[in-house]
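A.B. asks: Below are the sequence and a predicted model; questions follow.
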Amino acid sequence: MSIKIDQATIEDLDELVPLFDAYRQFYGEDEDLDLARGFLGDRLERNDSAVFVARGGDGTAIGFAQLFPSFSSTMATFIFILNDLYVAPDVRGMGVGGALLKAAAGFGREVGAAQLTLSTAADNTAAQSLYRSMGWERSEAFWTYNLSLVWRPSIRLVVAPSGGLTRIMTGAHL
């Protein structure tokens, strides 16, 4: 299979949105093309991530990878977090994921990053096998912990004693 990898620009957004939304659904999120478009569009417009798009021989987008810049305090240097890697189901096992990983590593080297880091689902054994085959090493020294800071506000309108309306914001952590 012929695979071409390019760094994405805002002009690639329309082709990337369905892939990005499918990636989110793979990890249990609901379909939301508007959310996918807004999030990915912001990343591309603001240049706060590097997105790579894989295209098949006919030029159709078939996968993507997204790198977020970060820093390592212990190494005292610049790194990238490979936060997203997705390949369309009908072309998995054909080298697309490997080509995206190579492009991400090449870009990281080119801009002087010391390391790429990623995490994946514990049950995503296909991805884990790919990472190992490409020289990625699983860390046994660190555990990942997450603390949700997402708060979904809701607004209630309440009639105040004066007869006017008062807005009260309530909400809950997700």
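C.D. replies: Yep, that arrived.
A.B. asks: Please name the nearest non-neighbouring residue to Leu130.
C.D. replies: Gly97 (5.3 Å; Cβ to Cβ, 6 or more residues apart in numbering). For every residue, glycine as well, the C-beta is placed using N, CA and C.
A.B. asks: Verify the contact between Leu100 and Val87 for me.
C.D. replies: Yes. Using Cβ atoms under 8 Å, Leu100 makes contact with Val87 at a distance of 7.5 Å.
A.B. asks: Any chance you could list residues touching both of the two?
C.D. replies: Residues touching both Leu100 and Val87 (Cβ atoms under 8 Å, 6 or more residues apart in numbering) are 54, 63.
A.B. asks: still on that earlier bit, may I ask which helix or strand encompasses the residue nearest to Leu130?
C.D. replies: helix 96-110 (DSSP states H and E).
A.B. asks: give me every residue that touches the most centrally placed residue in the chain.
C.D. replies: Centroid-nearest residue in the chain, with Cα atoms, centre = their mean: Asp84, separated by 3.3 Å. Applying Cβ under 8 Å, 6+ apart to Asp84 gives the contacts 20, 23, 64-66.
A.B. asks: Surely it forms part of a strand?
C.D. replies: Yes. Asp84 forms part of a strand when assessed by DSSP: H, G, I helix; E, B strand; the rest coil.
A.B. asks: thinking again about what came up before, any idea how far Gln25 is from the residue nearest to Leu130?
C.D. replies: Look at Gly97 and Gln25: by Cβ to Cβ, to the nearest Å, they are 18 Å apart.
A.B. asks: now swap in Ala103 and tell me
C.D. replies: With Cβ to Cβ as the criterion, Ala103 and Gln25 are 24 Å apart.
A.B. asks: do the same with Asp14
C.D. replies: 18 Å.
A.B. asks: before we move on, the earlier item: buried residues in the helix holding Gly97?
C.D. replies: 96-97, 99-101, 103-105, 107-108 (16 or more other Cβ atoms under 10 Å).
A.B. asks: Find the residue closest to Phe78 in space, skipping its chain neighbours.
C.D. replies: In this structure, Phe78 finds its nearest non-sequential neighbour in Ala113, 5.3 Å apart by Cβ to Cβ, 6+ apart.
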